[in-house]
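Trainee: coordinates for the following, if possible.
(chains A, B, C and D)
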Number of protein chains: 2
Amino acid sequence: MRLAGLGGALIQLGQEGQVPDPRYRQIADELERQITSGALTPGVRLLTEHELQLRYQASRNTVRDAVRWLTIRGLVETRPGQGTFVVRPPDPYVTTLSADLETGLGGGEGEAFYREVTDQGRHAYVPDPQVEVTGASGVVAAELRIPEGTSVVGRRLRRFIDGAPSSLQTTYYPMSLVEEGAQRLLSAETIFPGTVSYLRETLGLEQARYRDRITVRVPDNSEMAFFRLREEGRVSVLETFRTAFDSADKPFRLTVTIFAADRNQFTVFTGRVPDAARLVTPLPTARKASDG
Amino acid sequence: MRLAGLGGALIQLGQEGQVPDPRYRQIADELERQITSGALTPGVRLLTEHELQLRYQASRNTVRDAVRWLTIRGLVETRPGQGTFVVRPPDPYVTTLSADLETGLGGGEGEAFYREVTDQGRHAYVPDPQVEVTGASGVVAAELRIPEGTSVVGRRLRRFIDGAPSSLQTTYYPMSLVEEGAQRLLSAETIFPGTVSYLRETLGLEQARYRDRITVRVPDNSEMAFFRLREEGRVSVLETFRTAFDSADKPFRLTVTIFAADRNQFTVFTGRVPDAARLVTPLPTARKASDG
DNA sequence: GCAAATTTGTTCGTATGTATT
DNA sequence: CAATACATACGAACAAATTTG
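Mentor: The predicted structure follows:
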């Protein structure tokens, strides 16, 4: 059995041979209580490691283990030279995945993106895309139903909301669309009002339907850098793969969007949805209290 | 630039005042290369901490920091007394969020759930629900548009696929539905073929539309226990809030489903979708190679 | 602008506990 | 029961980032 020392420290008596939680967890739990109870509010600095050491009569490494536990769970973040701070959850932005009634476009598509951001009273910034021609790789080839290595145009967008990096979007089109006349797909400039309209006007290509696939995963290094995520790995990314089909049910584009999971939420409408019901406010980001 | 040193140790020369990566990161990167390159395949055991210590001429703590880095990123997992193993990603199960053509029901709803699981060649197990009557709390009250504290029935399901815990689902109904005649909502047994049909037959309640809201967050303790997640915090949960409305556009239920993000994917269909296009195979779970 | 103080980050060494083989 | 392997905990020293004087 483990006993904490005297002097305001935590004591946990093991009952009946029960193994008590390790010391760093006791400290972490105590700090978590202070955060969830509101005694420590977002943005405030915690005690320094040295102060926590004295407070809990533990070694610095044990205190650091406790802080790491909280960091991984997204409750606090450490800043070298400054201290440890209670995380201030970002204001979530809500993307609608189902189609817009008027345009038939999904949220996140160029035109719809600006309007949806503005409707939520926020500011969108999307620099001109990076355009690249490559050979289709695994998922791209499979979704577009073209042989591996077939040339595709990739248009990559970095999207910011209220100045914060929000999502990364790359759309792949078969090069055949360019050859059939849609040369502007190769231009490294934003296509107004959007590529869907452009393809309809240029090639008569109708977007009859699309299918989204959604996964959640750990960000890679480039994504951690773009989203400015701390290196302790608390935030995941949500990735959507949108394959759009024409009226002949042939896929003509694949849009891959990567969202930082701490600042994005999503909505899907199904069935007869009145217009008035479409504006959605974010869910509260309060931590779950249930912990049994 | 990185140079392999003598005796297999890693050495990194800082160029022009560049700060080299810390030692534990160098070791982690080296191990990650071995994993992503396929030299270490899922399920195999890594060298023990002691062996890594000798291999990289680093202290045990430094080696453990490297392993922790990989653990947080979901590449490896440690098992006390056994060793450190390359993670074997679970076979993802795909849930369709948009409505089923025939039933008008969304994936994850009782009836649709079994069929969708079977269609993917897998086995579903859902024990009888736990039923509870409580006062409506924040989100529940808001979504059902009832005052806080109004009585609601909560029906909680634990769902397993191929024996592995897959998702936790709780559906909240206003008690007024029970008072109007839907007494079986209080029964702690599965309602066949499903509560949506039951409410239609009993009360004439039509599910005209629904709205899903999706967020990603860190699992709480009870979720970590149910999904059997390791305590190092790599896996997030994806949470959906489905509010269903009747033909008068009044919300009559809220279904909250929590999915372990490492074993679940999602699909949304939009537009005129042929039946044949509805069966979706999971996306590959290969790690992203791009790391710039 | 610079030096000192403060705070977190990295690395080492060591000892002991717990889980599994 | 013994051996092996990871988990927890302590102490110490120096490095890097930031703030303060």
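
Trainee: close to DNA strand D: what parts of chain A are there?
Mentor: Contact residues, chain A versus DNA strand D (C-beta under 7 Å from any atom of the strand): A:2, A:22-25, A:57-62, A:65, A:79-82. (Glycine included, C-beta is placed from N, CA and C.)

Trainee: among those, which lie within strands?
Mentor: Among these, the members falling in strands (DSSP state E) are A:R79.

Trainee: so which of the residues of chain A next to DNA strand D belong to helices?
Mentor: Among these, DSSP state H puts A:R23, A:Y24, A:R25, A:R60, A:N61, A:T62, A:D65 in helices.

Trainee: report the contact partners of the nearest residue to the last one once chain neighbours are set aside.
Mentor: Think A:D65. Spatially, and ignoring its direct neighbours in sequence, A:D65 is nearest to A:Y24 (3.7 Å; C-beta to C-beta, 6 or more residues apart in numbering or on different chains). Contacts for A:Y24 (C-beta atoms under 8 Å, 6 or more residues apart in numbering or on different chains) come out as A:A58, A:T62, A:V63, A:D65, A:A66, A:W69.

Trainee: and if we set it to 7 Å?
Mentor: A:T62, A:D65, A:A66, A:W69 (C-beta atoms under 7 Å, 6 or more residues apart in numbering or on different chains).

Trainee: the second one and B:T48, how far apart?
Mentor: In other words, A:D65. Relative to B:T48, A:D65 is positioned 22 Å away (criterion: C-beta to C-beta, to the nearest Å).

Trainee: before we move on, what about A:V237?
Mentor: Going from A:V237 to B:T48 by C-beta to C-beta gives 32 Å.

Trainee: still on that earlier bit, got a quick PyMOL command for the buried subset of the residues of chain A next to DNA strand D?
Mentor: This is the PyMOL syntax for the buried subset of the residues of chain A next to DNA strand D, where burial follows 16 or more other C-beta atoms under 10 Å in any protein chain shown:
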select buried, chain A and resi 23+24+25+58+62+65
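
Trainee: any idea whether A:L199 is helix, strand or coil?
Mentor: What DSSP: H, G, I helix; E, B strand; the rest coil gives for A:L199 is helix.

Trainee: number of residues surrounding it?
Mentor: 25 (other C-beta atoms under 10 Å in any protein chain shown).

Trainee: quick one on the thing from earlier: if you count surrounding residues, which of A:V237 and B:T48 has more?
Mentor: Shown here are A:V237 and B:T48; by other C-beta under 10 Å, A:V237 has more neighbours (25 against 13).

Trainee: who's in contact with that one?
Mentor: So A:V237 contacts A:R217, A:P219, A:E223, A:I258, A:F259, A:A260, A:A261 (C-beta under 7 Å, 6+ apart).

Trainee: counting by contacts, list what the helix or strand of chain A with the lowest mean pLDDT packs against.
Mentor: Ranked by mean pLDDT, DSSP states H and E, the helix or strand of chain A with the weakest confidence is helix A:110-119, at a mean of 83. Under the contact criterion of 3 or more C-beta pairs under 7 Å, 6 or more residues apart in numbering or on different chains; DSSP states H and E, helix A:110-119 touches strand A:124-125.

Trainee: output the contacting helices and strands for the strand it packs on.
Mentor: If contacts are counted by 3+ C-beta pairs under 7 Å, 6+ apart, strand A:124-125 sits against helix A:110-119, strand A:151-161.

Trainee: now render the ones you listed as a markdown table, adding distance to A:F266 and mean neighbour count.
Mentor: Converted to a markdown table, the helices and strands packed on strand A:124-125 look like this (distance: least, C-beta to C-beta, whole Å; neighbours: other C-beta atoms under 10 Å in any protein chain shown):
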| stretch | distance to A:F266 | mean neighbour count |
| --- | --- | --- |
| helix A:110-119 | 11 | 18 |
| strand A:151-161 | 14 | 19 |
